[in-house]
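**Student:** could you look at this predicted model? Sequence included:
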2 protein chains.
Amino acid sequence: MENNNEKKEEKQSFIAEARREQITEAAIRTLDKIGYVKASLSQIAKRAGISTALISYHFSDKNDLMNHVLMKLLERSTSYILERVRRESSVEKKLETFIAASLAYQGTHYAHNTALIEIVFHARTAENMPYYKLNEEKEDLLLLELQLILLEGQEQGVFGEFHVGVMSNTIQGAIGEYMFTTAATKKIDLETYSRELVNIVRKATK
Amino acid sequence: MENNNEKKEEKQSFIAEARREQITEAAIRTLDKIGYVKASLSQIAKRAGISTALISYHFSDKNDLMNHVLMKLLERSTSYILERVRRESSVEKKLETFIAASLAYQGTHYAHNTALIEIVFHARTAENMPYYKLNEEKEDLLLLELQLILLEGQEQGVFGEFHVGVMSNTIQGAIGEYMFTTAATKKIDLETYSRELVNIVRKATK
DNA sequence: CATAATTTTGATTGATTGATCAAATAAAAA
DNA sequence: TTTTTATTTGATCAATCAATCAAAATTATG
């Protein structure tokens, strides 16, 4: 089978799909362990136990591979969080669950988060635009859901007045920041951080 | 003069210091324009109008140069913000000024901020630890000042009860997030973002 | 089984990079 | 001015990497 980088609608053979999965997982481990810059095809191949040429066979190029890894990582964290949020009925509970689940995912999937950050802050479009400056808005399902919760809460009179865009940014920023300033240094444990952040947001959205 | 990477206490000649300055500024422009990965010594030299070997003469290696650039960038933004914060007398005003000045600096020095991010998310220690996972705590003067303001406000009874570490993280997260989700897409203008964030923080710290 | 299609490898290629060095130039000191 | 020291350059080196390809191995198909 030829390199299939047009669409993934083509039916992949079992082997091909399993290989792509295997390479993807090896790439995640590599990104976490040694970072994007050192994550050469040969390093990824080594961790996958295959030859570098095989990666080129299953992915059109390194960008194609990294995009695939990025999509997988985003899908996983997004579905993890959204599943839990949508189980709740009240907007207050939805908001609190959004925060708690986001932080919980960081705790249980630290390596995945590291790999995600490595890609987002290293990969660039063909026009050399860094991914971290893109923000496809419509593609950020988590941000969309968060803004929906906030808006609904305001309409129901459960939340007070505030700028939804700024508030959602603040919440996402506080969640993302945990990975950097706190998680690495173990200064504040996840449970405390989660509880206290929920308290702060609860008061801010009143 | 030999490469002086031990300490900068040695008295540099005027030429040497001016060159280092020139190279530093060229590096910042290069990082902003094409990013860390493509910011090779030859690209930086081109923008500085000198030869690549001259960079190696004034800096022991690329890491040394990038560390120097990073320090310069941190010094500038830190002093810009702290100067304005310390002009205020009340903790409420200090906190609001901290937020407004941080965001204002991003607006007026967007390229500097981009260069800073490029370094922080690409550079690694000799042990391959990424800078973004370091967080030297004692070296982050801004975080320290912010926590001091919050603590003082609580002692004075001006602020209510909340976890200072989480609150400072939230505020810094909201400020940093502007650069990504908002500044690039121009979705929310700086003035609005600043005003609304202050409102949110004011309520949260009550 | 025989043949075709798919999968996998090892070796190679061309491009880029950071660093080095001898030689040239400029500046400072004697 | 002469001599020493500092600065600058162009050329070169060794290393690394993504991509390519012919050939080998494996699997699927008739």
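**Tutor:** Alright, I've got the coordinates.
**Student:** please count neighbours and contacts with C-alpha atoms only from this point.
**Tutor:** Will do.
**Student:** could you check the pLDDT of A:Lys187?
**Tutor:** A:Lys187 carries a pLDDT score of 84 in this model.
**Student:** that one in helix, strand or coil?
**Tutor:** Three states are possible here, and by DSSP: H, G, I helix; E, B strand; the rest coil the one that applies to A:Lys187 is coil.
**Student:** and chain A, which residues reach chain B?
**Tutor:** Taking Cα under 8 Å from any Cα of the partner chain as the contact definition, chain A meets chain B at A:34, A:37, A:118, A:121-122, A:128, A:132-135, A:162-163, A:165-167, A:169-178, A:180-181, A:184-185, A:188, A:193, A:196-197, A:199-201, A:203-204.
**Student:** any idea how far A:Lys203 lies from A:Phe98?
**Tutor:** Noted for A:Lys203: a distance of 16 Å to A:Phe98, by Cα to Cα, to the nearest Å.
**Student:** and the spatially most central residue of chain A, what does it touch?
**Tutor:** With distances taken as Cα atoms, centre = their mean, the residue of chain A nearest its centroid is A:Leu74 (3.9 Å). Contact partners of A:Leu74, counting by Cα atoms under 8 Å, 6 or more residues apart in numbering or on different chains, are A:Leu116.
**Student:** pretty sure it sits in a helix.
**Tutor:** Yes. Looking at A:Leu74 with three-state DSSP, it is inside a helix.
**Student:** measure it to A:Arg195 for me?
**Tutor:** Taking Cα to Cα as the measure, A:Leu74 falls 25 Å from A:Arg195.
**Student:** thinking again about what came up before, tell me which entries of the residues of chain A next to chain B lie within helices.
**Tutor:** With helices identified by DSSP state H, the entries of these that belong to them are A:34, A:37, A:118, A:165-167, A:169-177, A:193, A:196-197, A:199-201, A:203-204.
**Student:** pull out the buried members of these.
**Tutor:** A:34, A:118, A:165-167, A:169-177, A:193, A:196-197, A:199-201, A:203-204 (16 or more other Cα atoms under 10 Å in any protein chain shown).
**Student:** please tell me how far A:Ile50 sits from A:Ser60.
**Tutor:** On the measure of Cα to Cα, A:Ile50 and A:Ser60 end up 17 Å apart.
**Student:** quick check: domain ranges of chain A?
**Tutor:** A:12-59, A:61-205 (automatic domain parsing).
**Student:** could you dump the ones you listed to CSV with distance to B:Val91?
**Tutor:** Converted to CSV, the domains of chain A look like this (distance: least, Cα to Cα, whole Å):
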stretch, distance to B:Val91
domain A:12-59, 41
domain A:61-205, 19
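**Student:** low-scoring stretches of chain A, by residue?
**Tutor:** Per-residue confidence for chain A (pLDDT under 70) gives these ranges: A:1-15, A:184.
**Student:** and with 80 instead?
**Tutor:** For chain A, applying pLDDT under 80 flags the ranges A:1-16, A:135-138, A:182-186.
**Student:** most remote residue from it's center?
**Tutor:** Going by Cα atoms, centre = their mean, the residue of chain A most distant from its centre is A:Gly157, 31.3 Å out.
**Student:** is that residue located within a helix, as I assumed?
**Tutor:** No. When the secondary structure is assigned by three-state DSSP, A:Gly157 falls in coil instead of a helix.
**Student:** quick one: it from A:Val91, how far?
**Tutor:** 11 Å.
**Student:** next one: A:Gln154
**Tutor:** Taking Cα to Cα, one finds A:Gln154 at 10 Å from A:Val91.
**Student:** next: A:Ala100.
**Tutor:** Note on A:Ala100: its distance to A:Val91, by Cα to Cα, is 14 Å.
**Student:** can you check A:Ile171 too?
**Tutor:** When distance is defined by Cα to Cα, A:Ile171 is 15 Å away from A:Val91.
**Student:** kindly report the same for A:Val198.
**Tutor:** The value you get for A:Val198 to A:Val91, if Cα to Cα is used, is 13 Å.
**Student:** and A:Ile28, how many residues sit next to it?
**Tutor:** Here the number of neighbours of A:Ile28 (other Cα atoms under 10 Å in any protein chain shown) works out to 27.
**Student:** contacts only, for the closest residue to it other than its chain neighbours.
**Tutor:** Excluding its sequence neighbours, the residue lying closest to A:Ile28 (Cα to Cα, 6 or more residues apart in numbering or on different chains) is A:Ala115, at 5.7 Å. The neighbourhood of A:Ala115, defined by Cα under 8 Å, 6+ apart, consists of A:Ile28, A:Arg29, A:Leu31, A:Asp32, A:Gly35.
**Student:** return the member of the residues you listed nearest to DNA strand C.
**Tutor:** For the contacts of A:Ala115, the minimum distance to DNA strand C (Cα to the nearest atom of the strand) is 16.7 Å, reached by A:Gly35.
**Student:** list the contacts of the closest one.
**Tutor:** Shown in contact with A:Gly35 (Cα under 8 Å, 6+ apart): A:Ala115, A:Glu118.
**Student:** ok but the residue nearest to A:Ile28 is inside a strand, no?
**Tutor:** No. Assignment of A:Ala115 by three-state DSSP gives helix, placing it outside any strand.
**Student:** re the thing from before, closest one to A:Ser79 out of the contacts of A:Ala115, please.
**Tutor:** For those, the minimum distance to A:Ser79 (Cα to Cα) is 18.2 Å, reached by A:Ile28.
**Student:** lovely, talk soon.
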